[in-house]
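> Below are the sequence and a predicted model for it; my questions follow.
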Amino acid sequence: KSTLADHRAAGTMPALLWQHDQRQPIGVYTAMREDERGLYVEGKLALKTRQGAEAHELLQMKAISGLSIGFITVKSERDERSGVRTVKQADLWEVSLVTFPANGSARVDNVRAAERIRTIRDFEGFLRDEGGFSHAQARAIAGGGFKAASDPRDEDGSASDLMQSLRALDRSLSST
């Protein structure tokens, strides 16, 4: 908690690294706090960098999902009988995306896809991949916008079904 307070006061955050490699920053953290489960983090990957884009792809595929911290021990205690060392205070330097986290529960829970959308083609792909829309439906939505998908002149009801699907996709993205 004291490290996070120090970072807040300095207007900084611990680094977001790839596999603890200080030569490979892959983004920035936008939020960090301790909660009832432990250290909670939110970050943004640098998608215009090779490693950031690769990390994003691997996270989406669930090929990688581990998180691991890098710190310097400020204060610790050792139980002489068991030999167990307990870190009482640490200076948190970084939180890395890793293949094998030391704590198996330290995982990425959510990867937002919308941040990768930069062009109409990206949006079409998103609608197909994340929304389950056909190529034609995705093209119609991306080209004509949300309003075009709800044309009241739709005679066979397909636009109405499309709107329901879009609303369901929006709800599922909003809840993550």
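Good, I have the coordinates.
> who touches the most centrally placed residue in the chain in this structure?
Centroid check for the chain by CA atoms, centre = their mean gives residue 111 as the closest residue, at 3.6 Å. Contacts for residue 111 (CB atoms under 8 Å, 6 or more residues apart in numbering) come out as 56, 59, 60. (C-beta placed from N, C-alpha, C; glycine too.)
> can you count the residues close to the first one?
When you say that, I think you mean residue 56. With neighbours defined by other CB atoms under 10 Å, the count for residue 56 comes to 21.
> I figured it hits residue 45, correct?
Yes - between residue 56 and residue 45 there is a contact under CB atoms under 8 Å: 4.9 Å.
> before we move on, the earlier item: of the contacts of residue 111, which belong to helices?
The helices, defined by DSSP state H, take in 56, 59, 60 from those.
> For residue 70, state which of those residues is nearest.
For these, the closest approach to residue 70 (CB to CB) belongs to residue 59, at 19.2 Å.
> Near that closest one, how many other residues are there?
For residue 59, the count of nearby residues is 16 (other CB under 10 Å).
> now the chain, which segments are flagged as low pLDDT?
Scanning the chain for pLDDT under 70 picks out 113-117, 146-167, 169-176.
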